[in-house]
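Enquirer: Show me the folded form of this:
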Amino acid sequence: MKILLYNPDNGVTRNFMPHLWMFLLQALTPPGHEVLLVDGNAQSMDEAGIAQFVRDNNIGLVGIGAMTRMIAKAYRMADAVRATGVPVVMGGPHVTEMADEALGRDGGPRHADAVALGEADATWPRIVEDAARGELKDVYAPVDAFGQESKPTLKEYPVIPWQSIDLKQFNLVPKAAKATLQKIGEGWGTFRLIPVESGRGCPYGCEFCTVTGFFGDSIRFRTNESVVNELLLLKARARSEKGQMAVFFIDDNFAINIKRTKSLLRDIIAAGAQVHWVAQISANLLRDEELVDLIAASGGKWIFIGMESIDPANLKDVNKGFNKPGEYAAVLERLAQRNVYAITSFIFGMDNDTTGVAERTLEQVRTWPPGLPIFGLLTPLPATPLYKRLEKAGRLTRPKHWQEFIPFAMAHTPLKMSIEEAHAEVNYGWDQAYSAEALAHAVESLNDQPLGYRVNIFLARLCFRGIYFPMMGKMAWLKVIAQNRRTIFKLVREGFKAGAWRGAPARISASAVPQVEAADAIAQAAGGDGRAIAFPAD
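Expert: The predicted structure is shown next:
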């Protein structure tokens, strides 16, 4: 049987990192079946397109995984597939919590022939075999012999054959720029960001988050050896193709067990498996100097930090009081000293937010080392404590907001400002943080560093700008380039100066890195250059 695994886009912006769940399910598929993968973020496809794809490739089963913000598109695509007579199985946190919606049991149309609840490591092989026999059940749940929910240990993690997987569609380097970039530096004909998971679960239980509800509060990890071998495989492929590759550790909190994370990072260094990587880590865990040293030495370049707010009252309201805004600056400086920078996420529309919250937040951001601030609105996702609280209080304005996805739009009424005012705050945050002046300031703040670091922050800011300001066509890019022409010309001119690309890889002494060959590790890490399991979580 031929199987299609499809991940939809949200129809607004594209996410160029392939989603891990498709590759993981492909590795877990029983022998004798062929699995095709299509990620709508990289390969645009509409309803007619997927129906034609299914017919042309003689597909016998389609698996669709989607986060809440993509579920409307997922349902439309599922409907188109089912109209061809091919069965569809859907999964992910939204479908797990809203199974009746997907199965048409809530009075609406049926979108799926079957749903996979929770983590599907164990249920996916059974789904495939049932589909091959034409005996799909409505619901597949990961339960043990006693009917209790079962979570995979991750100790026996499937090997994903990265050495043979076709990743052409995920190359971030535009075709038009390939030849030029190859002249500038060997290996820049391709650049791919690859998802890798080292563990699952989060004990924090933030009010707005689906992670604890989906993956649970017990933390499970892969073996260090398994993760290291995967990194070595990716590193070897990048070298053989003379291309660039980086890793996104998709763990919801990569350093939730600091002792284990330090052990993993030491093993990465010892094995020479350093690749440039990004991960999500809570600010409170980055107080540990040794951990930050090891992050830098193992290849860590960007850390995603869910700061959410600079207001302690807001953080307490959403059960994220472990975040301490007074520590944010020190945490970011600690990273920047090792030339590791942060993607800082903020949420507006919280109960204690008032007008001007964006500027108050930016006043703080401007005093920090350069990074990538991103701004969103508080969104009540199905079955989260936040959704239940707002529903009980009668504050939901769009109780089923996912049925018509509108980016950066409130689905409930804030307490201390209007919906329109909350929208204006997000607009202001993005406008100010990604203006030409802000990008120039970020670049200038790294004038004491080699040119590569300034180019890095500039290109990263341009890419992240696309989250809010879609840059899908040539004209959009030309406009952005024109707006930032002074910074671009300055970087180009400096690139021709002798020694511009060389310099100290970090602002602290390498002797600070404990229990590793610090100088070599940091130099190697700095010198070059969703989410897990079926189906994905929000």
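Enquirer: packing partners for whatever helix or strand residue 293 lives in?
Expert: If you go by DSSP states H and E, residue 293 is part of helix 289-297. The contact analysis (3 or more C-beta pairs under 8 Å, 6 or more residues apart in numbering; DSSP states H and E) places helix 289-297 against helix 258-270, helix 328-336, helix 518-527. Every residue, glycine included, has its C-beta placed from N, CA and C.
Enquirer: which stretch in the ones you listed has the least confidence?
Expert: Of all the helices and strands packed on helix 289-297, helix 518-527 carries the lowest average pLDDT, namely a mean of 30.
Enquirer: Tell me where the stretch 101-250 of the chain has helices.
Expert: All helices of the stretch 101-250 of the chain, identified by DSSP state H, counting those that start in this stretch, fall at 123-132, 175-184, 211-215, 224-240.
Enquirer: Just put those helices in JSON lines and tack on mean pLDDT and mean neighbour count.
Expert: Putting the helices of the stretch 101-250 of the chain into JSON lines (pLDDT from 0 to 100; neighbours: other C-beta atoms under 10 Å) gives the following:
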{"stretch": "helix 123-132", "mean pLDDT": "97", "mean neighbour count": "20"}
{"stretch": "helix 175-184", "mean pLDDT": "54", "mean neighbour count": "11"}
{"stretch": "helix 211-215", "mean pLDDT": "84", "mean neighbour count": "22"}
{"stretch": "helix 224-240", "mean pLDDT": "94", "mean neighbour count": "17"}
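Enquirer: Out of these, which gets nearest to residue 106?
Expert: Distance to residue 106, taken as C-beta to C-beta, is lowest for helix 211-215 among the helices of the stretch 101-250 of the chain, at 19.3 Å.
Enquirer: I figured residue 162 was touching residue 234, is that so?
Expert: Yes. Counting by C-beta atoms under 8 Å, residue 234 is a contact partner of residue 162 at 5.4 Å.
Enquirer: Which neighbours do those two have in common?
Expert: Listed as contacting both residue 162 and residue 234 by C-beta atoms under 8 Å, 6 or more residues apart in numbering are residue 194.
Enquirer: Was I right to think residue 384 contacts residue 213?
Expert: Yes. Using C-beta under 8 Å, residue 384 is in contact with residue 213, at 6.8 Å.
Enquirer: Tell me where the stretch 101-250 of the chain has strands.
Expert: Taking DSSP state E, counting those that start in this stretch, the strands of the stretch 101-250 of the chain run over residues 114-116, 139-140, 191-196, 199-200, 220-221, 244-249.
Enquirer: can I get these in CSV with mean neighbour count, mean pLDDT and distance to residue 407?
Expert: Shown next, in CSV, are the strands of the stretch 101-250 of the chain (neighbours: other C-beta atoms under 10 Å; pLDDT from 0 to 100; distance: least, C-beta to C-beta, whole Å):
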stretch, mean neighbour count, mean pLDDT, distance to residue 407
strand 114-116, 25, 97, 26
strand 139-140, 16, 96, 31
strand 191-196, 21, 88, 22
strand 199-200, 25, 94, 28
strand 220-221, 19, 94, 33
strand 244-249, 22, 90, 22
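Enquirer: need these in a markdown table with distance to residue 30, can you?
Expert: Below are those laid out as a markdown table (distance: least, C-beta to C-beta, whole Å):
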| stretch | distance to residue 30 |
| --- | --- |
| strand 114-116 | 15 |
| strand 139-140 | 15 |
| strand 191-196 | 23 |
| strand 199-200 | 23 |
| strand 220-221 | 23 |
| strand 244-249 | 28 |
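Enquirer: so which of those comes closest to residue 478?
Expert: Short answer: strand 191-196, nearest of the strands of the stretch 101-250 of the chain by C-beta to C-beta, at 21.4 Å.
Enquirer: related to what we said a few turns ago, relative to strand 244-249, how tilted is the next helix or strand along the chain from the helix holding residue 293?
Expert: Where DSSP H and E defines the elements, the next helix or strand beyond helix 289-297 is strand 300-308. Inter-element angle recorded for strand 300-308 and strand 244-249: 40 degrees (by axes from the mean of the first three to the mean of the last three C-alpha atoms, to 10 degrees).
Enquirer: Identify the residues contacting strand 300-308?
Expert: Against strand 300-308 from outside (C-beta under 8 Å, 6+ apart): 246, 276-283, 286, 295, 314-315, 318, 320, 323, 325, 328, 331, 335, 340-347, 350, 372, 456, 460, 525.
Enquirer: give me the low-pLDDT residue ranges for the stretch 1-150 of the chain?
Expert: Where the stretch 1-150 of the chain drops to pLDDT under 70, the residues are 10-16.
Enquirer: at 80 instead, please
Expert: Scanning the stretch 1-150 of the chain for pLDDT under 80 picks out 10-18, 145-147.
Enquirer: all strands of the stretch 301-450 of the chain, in order?
Expert: Counting by DSSP E, counting those that start in this stretch, the strands of the stretch 301-450 of the chain are 341-348, 372-377.
Enquirer: And the contacts of the shortest one?
Expert: With contacts defined as C-beta under 8 Å, 6+ apart, strand 372-377 is touched by 302, 341-349, 358, 361-362, 365, 408-410, 422-423, 425-426, 429-430, 433, 460-461, 464, 467-468.
Enquirer: Quick one: mean pLDDT over that strand.
Expert: 96.
Enquirer: what angle do it and strand 341-348 make?
Expert: Using the same axes, to 10 degrees, strand 372-377 lies at 20 degrees relative to strand 341-348.
Enquirer: what are the pairing partners of strand 372-377, and which direction each?
Expert: strand 341-348 (parallel) (DSSP bridges).
Enquirer: For the strand it pairs with, buried residues please.
Expert: 341-348 (16 or more other C-beta atoms under 10 Å).
Enquirer: Repeat that for stretch 348-361.
Expert: For stretch 348-361, by 16+ other C-beta under 10 Å, it's 348-353, 357-358, 361.
Enquirer: Out of the residues you listed, which sit inside helices?
Expert: 357-358, 361 (DSSP state H).
Enquirer: okay, those residues in CSV with distance to residue 157 next?
Expert: Output for these, formatted as CSV (distance: C-beta to C-beta, whole Å):
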residue, distance to residue 157
357, 42
358, 42
361, 39
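Enquirer: which one of those residues sits closest to residue 192?
Expert: Nearest to residue 192 among those, with distances taken as C-beta to C-beta, is residue 361, at 32.6 Å.
Enquirer: From what I see, the closest one and residue 346 are in contact.
Expert: Yes. With contacts counted by C-beta under 8 Å, residue 361 reaches residue 346, the gap being 5.7 Å.
Enquirer: shared neighbours, the two?
Expert: Common contact partners of residue 361 and residue 346 (C-beta under 8 Å, 6+ apart): 309-310, 375, 429.
Enquirer: Can you mark which positions in whichever strand or helix holds residue 455 are buried?
Expert: Counting by DSSP H and E, the element that carries residue 455 is helix 451-468. Within helix 451-468, the residues scored as buried using 16+ other C-beta under 10 Å are 451-458, 460-462, 464-468.
Enquirer: packing partners for it?
Expert: By 3+ C-beta pairs under 8 Å, 6+ apart, helix 451-468 packs against strand 372-377, helix 436-444, helix 485-495.
Enquirer: Can I get those in a markdown table including distance to residue 473 and mean neighbour count?
Expert: Compiled in a markdown table, the helices and strands packed on helix 451-468 are given as follows (distance: least, C-beta to C-beta, whole Å; neighbours: other C-beta atoms under 10 Å):
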| stretch | distance to residue 473 | mean neighbour count |
| --- | --- | --- |
| strand 372-377 | 22 | 21 |
| helix 436-444 | 20 | 17 |
| helix 485-495 | 19 | 14 |
